[in-house]
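**Student:** whatever this is, show me its structure:
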Amino acid sequence: MEIFQENILNLIREKCSSHWELNVFKNHIIISLPDTQEDYRSAYRQIKQEITKYVRQHFPERDEELIFEVRKGSWNFSFKLRQTN
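**Tutor:** The predicted model follows:
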């Protein structure tokens, strides 16, 4: 795992939710939601907003594109944060 990805994972654990399971596969950051999360659409919107906010706040200048994949059971959705440099 790259140091930058590790820093992003640590930021998500600290600022967002400690009960999400976080992994990295190739260049994707995988966020697995617990089964107790009911409304996955609103959960996805909230996750995307929180992660985008904190990444932009703590890493405003990035040379790398970040790809996030949010999973809950068979449901799967992804989003990207483009590089800023």
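**Student:** and the residue nearest the centre of the protein?
**Tutor:** Closest to where the C-alpha atoms of the chain average out (C-alpha atoms, centre = their mean) is residue 68, at 4.8 Å.
**Student:** check that one and give its pLDDT.
**Tutor:** Residue 68 is assigned a predicted lDDT (pLDDT) of 95.
**Student:** tell me the spacing between residue 31 and residue 85.
**Tutor:** According to C-beta to C-beta, to the nearest Å, residue 31 stands 25 Å off from residue 85. Where you see a C-beta, it was placed from the backbone N, CA and C, and this is true even at glycine.
**Student:** more neighbours: these two, which one.
**Tutor:** A direct count of neighbours by other C-beta atoms under 10 Å for residue 31 and residue 85 places residue 31 higher, at 23 against 7.
**Student:** which stretches of this structure form helices?
**Tutor:** 3-15, 40-58 (DSSP state H).
**Student:** can I get the ones you listed in CSV including mean neighbour count, distance to residue 76 and mean pLDDT?
**Tutor:** Conversion of those to CSV gives the following (neighbours: other C-beta atoms under 10 Å; distance: least, C-beta to C-beta, whole Å; pLDDT from 0 to 100):
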stretch, mean neighbour count, distance to residue 76, mean pLDDT
helix 3-15, 14, 18, 89
helix 40-58, 15, 10, 89
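**Student:** tabulate those (TSV), appending distance to residue 75.
**Tutor:** Output for these, formatted as TSV (distance: least, C-beta to C-beta, whole Å):
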stretch	distance to residue 75
helix 3-15	19
helix 40-58	5
